[in-house]
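A.B. asks: heads up, no residue letters with this:
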C-alpha cells in the first residue's frame, strides 16, 4: 500500500483524474475512495473511476491509469502492452501493480 500511495501521489496532479481497472485490490480501492474525498490529506482532491482497462474513452480522460498485472482477487491477466498504448496516446501516466508476479513472470515471451 505504501508503494501504491507513493506512486499515485507522485503522479496525480491536484484535482486530477485517476482511472483504475474494474477488478482492483480492495485496499487500493479504499485508498482511492478515502483520499479522493479528503482534500486535507495533501492530495487536494481528485476524481477516480473504474473501467475495463482497454476502454479507450475512459482512458482518454485520465491523468493516471492504474492496473494490476493479475487482478486481485480474480487473478485475471491484464494486457499491459495494449493498456500502455491507450494510456500513452491519451497522455496519461500508467501505474502497474505487479504484486502477484515478478517481472520475469510478467515479461512478454518472443
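C.D. replies: In hand now; what should we look at? The shown structure was predicted, so the numbers you read here are calculated from the model rather than taken from an experiment.

A.B. asks: so where's this structure uncertain?
C.D. replies: Along the chain, segments meeting pLDDT under 70 span 36-44, 53-57, 103, 105-110.

A.B. asks: all helices of it, in order?
C.D. replies: Using DSSP state H, the helices of the chain run over residues 2-11, 26-36, 56-59, 80-89, 103-106.

A.B. asks: tell me what the fourth one is packed against?
C.D. replies: Counting contacts by 3 or more C-beta pairs under 8 Å, 6 or more residues apart in numbering; DSSP states H and E, helix 80-89 is packed against helix 56-59, strand 64-68, strand 93-97. Quick note: C-beta positions are derived from backbone N, CA and C, even for glycine.

A.B. asks: to residue 18, which of the ones you listed lies closest?
C.D. replies: Nearest to residue 18 among the helices and strands packed on helix 80-89 is strand 64-68; the distance by C-beta to C-beta comes to 5.0 Å.

A.B. asks: roughly how far does the residue nearest the centre of the chain sit from residue 13?
C.D. replies: Per C-alpha atoms, centre = their mean, the C-alpha nearest to the average position across the chain is that of residue 66, at 0.8 Å. Residue 66 sits 15 Å away from residue 13, going by C-beta to C-beta, to the nearest Å.

A.B. asks: quick one on the thing from earlier: export the helices of the chain to CSV and tack on distance to residue 20?
C.D. replies: Shown next, in CSV, are the helices of the chain (distance: least, C-beta to C-beta, whole Å):
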stretch, distance to residue 20
helix 2-11, 10
helix 26-36, 7
helix 56-59, 10
helix 80-89, 11
helix 103-106, 18
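
A.B. asks: partner residues bridging residue 18?
C.D. replies: Judged by DSSP bridges, the bridge partners of residue 18 are residue 48, residue 64.
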